[in-house]
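# Below is the sequence, then the predicted model.
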Amino acid sequence: MKAPEGRAGPPRIVYVYLAIIVVSWAGNWPLMKLAIADAPPLVFVLLRLVGTVVLMAPALQAMRVPLLPIPGERLGLFWVGQFQVTGFLLFAILGLAIEAPGRAIVLAYTFSLWAIPIGILLGVERLGRLHLIGAAIGFAGLVLFMNPGLVDWTSARTLLGNAFLLLAAIAWAFGSCLYRRRIWRTGFWTQTFWQLVVSAPVVLRLQLGRHDRARLFPVGEGADRDTGDDRRAGAGLDPGRRLSAVDRDLRRRDHRRCRRQHRVDRRRHHPDAARQTRPC
């Protein structure tokens with residue numbers, strides 16, 4: 001046996017794989033931001049799921065990999081997929097529709113932090129002192145990342161976007177902890193394929209429920225003088241477009257708040273020009 005200082009490090013190809021993962025994960029989010037400018041968020045998620053299933057099915061059959069999990073594991077993997085795939089993709093894409101890709105990446109990938117308390121509650125995580133210190137540092141960093149200097153806490157739109165991204169991370173963490181509660185005999189590729197298959201119908205159902213006013217992002221019946229038409233019109237849209245209607249409503253409210261504050265500031269310094277405003 002070689003002495004510790006004489007042991008060879010990991011092969012260089014490992015660093016190549018690591019670089020590929022970092023670049024692909026980081027570059028994926030700006031590309032998704034560009035994509036949802038031309039497609040509603042739920043449609044985009046559905047296309048990703050269906051496209052992946054269509055490509056994977058013949059490839060797995062060619063490799064003689066079963067498409068269905070072992071009986072007795074299908075329901076468990078179904079629920080893992082609902083959190084780890086469906087929940088993460090839906091909340092992440094809705095948050096990305098509001099927030100910038102850089103911020104979205106950081107918040108969505110905090111799943112490892114949320115896995116700590118969730119894992120403790122589900123009995124799959126046992127932490128030592130160093131683990132707890134690391135978790136405390138991680139959550140402290142998250143709090144700093146959400147401080148008012150970086151996040152406008154007066155903007156409902158901004159808070160909604162950040163909440164979606166944190167929910168995406170929590171959904172992924174919960175699914176991962178559920179997965180760790182047992183030992184699975186089904187192969188990795190079959191598990192992956194099954195979770196994608198069972199996620200697609202859920203997204204499809206949400207997309208087809210665009211005429212149901214109570215689904216996903218309901219827009220209230222009441223309307224104020226400035227947003228009434230948009231609120232009534234938004235109720236009949238699909239969830240992706242309904243999010244855009246809510247987004248416009250939140251933007252308009254922020255704009256009115258800014259205009260009111262500007263009038264107050266002008267009244268304090270120039271009482272005669274109190275009615276003059278400028279666009280915010």
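Yes, it's here.

# just the strands in the protein please.
Ranges of strands in the chain, per DSSP state E: none exist.

# Break it down into its structural domains.
For the chain, automatic domain parsing gives the domain ranges 41-211, 227-280.

# looking at those, which has the lowest confidence?
Per-stretch mean pLDDT for these is lowest at domain 227-280 (a mean of 54).

# coming back round to it: which of the domains of the chain sits most buried?
domain 41-211 (a mean of 17; mean count of other CB atoms under 10 Å). For every residue, glycine as well, the C-beta is placed using N, CA and C.

# Tell me which residue is most central in this protein.
residue 92 (1.7 Å; CA atoms, centre = their mean).

# residues contacting residue 110?
Shown in contact with residue 110 (CB atoms under 8 Å, 6 or more residues apart in numbering): 138, 142, 166, 169.

# Looking at those residues, which are in helices?
138, 142, 166, 169 (DSSP state H).

# on that earlier part again, is it correct that the residue nearest to the centre of the chain is in contact with residue 168?
Yes - between residue 92 and residue 168 a contact is recorded at 4.0 Å, counting by CB atoms under 8 Å.

# Give me the common contacts of the two.
Residues touching both residue 92 and residue 168 by CB under 8 Å, 6+ apart: residue 108.

# Show me the helices in this structure, by range?
Ranges of helices in the chain, per DSSP H, are 12-35, 41-62, 74-81, 88-96, 101-108, 111-122, 129-145, 156-179, 188-208, 228-234, 239-269.

# which helices and strands sit right next to the fifth one?
In this case it means helix 101-108. helix 12-35, helix 88-96, helix 156-179 (3 or more CB pairs under 8 Å, 6 or more residues apart in numbering; DSSP states H and E).

# of those helices, which approaches residue 119 most closely?
For residue 119, the closest of the helices and strands packed on helix 101-108 is helix 156-179, at 4.8 Å, according to CB to CB.

# relative to helix 188-208, how tilted is the closest one?
With axes from the mean of the first three to the mean of the last three CA atoms, to 10 degrees applied, the angle from helix 156-179 to helix 188-208 works out at 140 degrees.

# Helix 156-179 vs helix 129-145, what angle?
For helix 156-179 against helix 129-145, the angle by the same axes, to 10 degrees is 160 degrees.

# Would you check the distance separating helix 156-179 from the middle of the chain?
6 Å (CA atoms, centre = their mean, to the nearest Å).
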